[in-house]
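Peer 1: sequence first, predicted coordinates after that:
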Amino acid sequence: MVNRIERRSLTSFLGLTQRDFLRRYTKRTDFGFTSLRFVDGACVFLKDGLCQVHEVKPTQCRSWPFWEENLESPQSWANEVADFCPGEGRGNVIDDDLILKLAQETERALQDD
């Protein structure tokens, strides 16, 4: 999901009009949200494993995989994260306070659209 504030940031960063940005890089979800397009299972802004809009990437991107639905149970985590994310189980352990903060940011971003 990309809310209106994030769309403005991305549009400015890319030097596009709002209309061109929406047409090229987004789609409407079944729930009426604006979402970034995916091509071959990856975000349209992911190139060679790197985010091309990292400086202005949406909250949803910054907070993944710590979304409420991924945190519901160990089975949810295993199905939605562990099988998908190549970085799962590597790197630094994220503490509970940061995970909660990221989950709350995601919920607020959903409400800003």
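Peer 2: That came through, no problem. Numbering: from 1, shown residues only.

Peer 1: and the most centrally placed residue in the chain, how far is that from Ala103?
Peer 2: The centroid of the chain falls nearest to Cys61 when counting by CA atoms, centre = their mean (2.4 Å). To Ala103, Cys61 is 14 Å away according to CB to CB, to the nearest Å. (Each C-beta comes from the backbone N, C-alpha and C, glycine too.)

Peer 1: and the helix ranked longest in the chain, what's buried?
Peer 2: Longest helix in the chain by number of residues (criterion: DSSP state H): helix 96-111. For helix 96-111, the neighbour count (16 or more other CB atoms under 10 Å) marks 102, 106, 109 as buried.

Peer 1: pLDDT weak spots in this protein?
Peer 2: Within the chain, the segments meeting pLDDT under 70 span 112-113.

Peer 1: strands along that one, start to end?
Peer 2: 26-28, 34-36, 38-39, 42-43, 46-47, 50-51 (DSSP state E).

Peer 1: hmm, back to that, and the residue nearest to the centre of the chain, what is it in contact with?
Peer 2: 43, 51 (CB atoms under 8 Å, 6 or more residues apart in numbering).

Peer 1: chain center to stretch 48-64, what's the gap?
Peer 2: Computed by CA atoms, centre = their mean, to the nearest Å, the chain-centroid distance of stretch 48-64 equals 7 Å.

Peer 1: now swap in stretch 20-30 and tell me
Peer 2: In this view, stretch 20-30 has its centroid 14 Å away from the chain centroid, taken as CA atoms, centre = their mean.

Peer 1: tell me which residues of that stretch are tucked away?
Peer 2: Neighbour-count burial for stretch 20-30 [16+ other CB under 10 Å]: 21-22, 25-26.

Peer 1: and which of the residues you listed is nearest to Asn3?
Peer 2: Thr26 (11.5 Å; CB to CB).
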